[in-house]
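*Asks:* Return a 3D structure for these sequence lines:
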Amino acid sequence: MLLIDTHCHIEPLENKIIDKLKEATEHQVGILIISYCEIEEIKKYFLLKKKIDGIYYTLGYHPSEASKIKEEDLSFLKKMLFENHVIGIGEIGLDYHYGKENRMLQLDLFKRQLSIAESENLPVIIHSRDATLDTIKALKEYRVRGIIHCFSGSLETAREYIKMGFYLGIGGVVTFSNSNLKDVIKEIPLTSIVLETDSPYLAPVPFRGSENSSKNIFVIASYIAKVKEVSSEEVAQITTNNVLQIFDHKIKI
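*Replies:* Here you go, the predicted model:
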């Protein structure tokens, strides 16, 4: 059984990445897709540029970076998309949780990165927090595919994203007692789901409140298996195949 963590955050240091991969592999998680989404992280990745078997990267500017990004930063991002094991753009998107004061800056940055993804035919990893309508509207302006990262919305929203051809990234939130995500999972097909941790954040129950790790993908997969009344092996097989489809089989297993 092979599990894939489609979204995690690990400091761009070779030894740290290798240690996290080894820990995950011991729990049947053989591939990690690391997201670098801040300017300084991407610059550090540029210095790393290390090909590590089992490790892939997505690069993109998070909406929290919107007020910092300059034209040269977008040019730098485009250059980095052709480095070792970079397979997508993200996480990018919109975040209105703390207010909409810089909404137009966020939208501009989001759309410019969607345009890059469209022109380079790369999947996108979408961050959307309290911004569902604007996110969907922006995505419909471009011919892009990818993953809705850390999805926790309604069944109606889930079906809209799936109809648009996107996959839903499901993480530890599905195990929280105060989350309705499990009810959504019951109603959508496994063929529209991928697994993620968003580590070091959002550890699943029974580790909620502690530092998350890619090894916990096994916990998330097992929980989804119970909700869907299927085996963990079936969850692993289908979600892994989904990942290969999203990233055009650039991932080697």
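
*Asks:* chain center to the longest helix anywhere in the chain: distance?
*Replies:* Secondary structure of the chain per DSSP state H: the longest helix is helix 103-120. Average the C-alpha atoms of helix 103-120, do the same for its chain, and the two points are 17 Å apart (Cα atoms, centre = their mean, to the nearest Å).

*Asks:* Name the surrounding residues that touch that helix.
*Replies:* Outside of helix 103-120, the residues that reach it under the criterion Cβ atoms under 8 Å, 6 or more residues apart in numbering are 60-61, 63, 65-67, 69, 74, 77-78, 81, 88-89, 92-96, 122-124, 134, 138-139, 141-144, 146. (Glycine included, C-beta is placed from N, CA and C.)

*Asks:* buried subset of those residues?
*Replies:* By neighbour count, with 16 or more other Cβ atoms under 10 Å, the contacts of helix 103-120 hold 60-61, 63, 65-66, 69, 74, 77, 81, 88-89, 92-96, 122-124, 134, 138-139, 142, 144, 146 as buried.

*Asks:* could you pull out the helices for the stretch 51-200 of the chain?
*Replies:* Assignment of helices within the stretch 51-200 of the chain using DSSP state H, counting those that start in this stretch yields the ranges 71-80, 103-120, 132-139, 155-163, 181-187.

*Asks:* buried residues in the fourth one?
*Replies:* What it means is helix 155-163. Buried, per 16+ other Cβ under 10 Å, within helix 155-163: 157, 158, 161, 162.

*Asks:* Make a markdown table out of the residues you listed and add pLDDT and distance to residue 222.
*Replies:* Formatted as a markdown table, the entries for these read as follows, by pLDDT from 0 to 100; distance: Cβ to Cβ, whole Å:
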| residue | pLDDT | distance to residue 222 |
| --- | --- | --- |
| 157 | 98 | 25 |
| 158 | 98 | 21 |
| 161 | 98 | 24 |
| 162 | 98 | 23 |
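
*Asks:* Need the residues you listed in CSV (columns: distance to residue 47).
*Replies:* Supplementary listing: those in CSV, determined by distance: Cβ to Cβ, whole Å:
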residue, distance to residue 47
157, 39
158, 39
161, 35
162, 38
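
*Asks:* With respect to residue 38, which of these is nearest?
*Replies:* residue 161 (25.1 Å; Cβ to Cβ).

*Asks:* thinking that closest one is in contact with residue 148, fair?
*Replies:* Yes. The pair residue 161 and residue 148 qualifies as a contact (Cβ atoms under 8 Å) at a distance of 5.2 Å.

*Asks:* what pLDDT does residue 49 get?
*Replies:* For residue 49, the pLDDT comes out at 68.

*Asks:* Output the contacting helices and strands for the longest strand seen in the chain.
*Replies:* For the chain, the strand that runs over the most residues, judged by DSSP state E, is strand 86-95. When contacts are defined as 3 or more Cβ pairs under 8 Å, 6 or more residues apart in numbering; DSSP states H and E, strand 86-95 sits against strand 29-36, strand 55-59, helix 103-120, strand 124-129, helix 132-139, strand 146-148.

*Asks:* Where does the prediction get shaky in the stretch 51-200 of the chain?
*Replies:* Applying pLDDT under 70 to the predicted model, the stretch 51-200 of the chain contains no residue that meets it.

*Asks:* picking up where we left off before, can you pull the alpha-carbon coordinates of the longest helix of the chain into PDB?
*Replies:* Taking C-alpha atoms only, helix 103-120 is exported to PDB below (Å, rounded to 0.1, in the frame of the first residue of the first chain):
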ATOM      1  CA  ARG A 103      -8.700  41.800  -1.900                       C
ATOM      2  CA  MET A 104      -7.700  43.400  -5.200                       C
ATOM      3  CA  LEU A 105      -4.000  42.700  -4.600                       C
ATOM      4  CA  GLN A 106      -4.800  39.100  -3.700                       C
ATOM      5  CA  LEU A 107      -7.000  38.700  -6.800                       C
ATOM      6  CA  ASP A 108      -4.300  40.200  -9.100                       C
ATOM      7  CA  LEU A 109      -1.600  37.900  -7.700                       C
ATOM      8  CA  PHE A 110      -3.900  34.900  -7.900                       C
ATOM      9  CA  LYS A 111      -4.900  35.500 -11.500                       C
ATOM     10  CA  ARG A 112      -1.300  36.200 -12.700                       C
ATOM     11  CA  GLN A 113      -0.300  32.800 -11.200                       C
ATOM     12  CA  LEU A 114      -3.300  31.100 -12.800                       C
ATOM     13  CA  SER A 115      -2.200  32.600 -16.100                       C
ATOM     14  CA  ILE A 116       1.300  31.100 -15.600                       C
ATOM     15  CA  ALA A 117      -0.200  27.700 -14.800                       C
ATOM     16  CA  GLU A 118      -2.400  27.800 -17.900                       C
ATOM     17  CA  SER A 119       0.500  28.800 -20.200                       C
ATOM     18  CA  GLU A 120       2.900  26.200 -18.700                       C
END
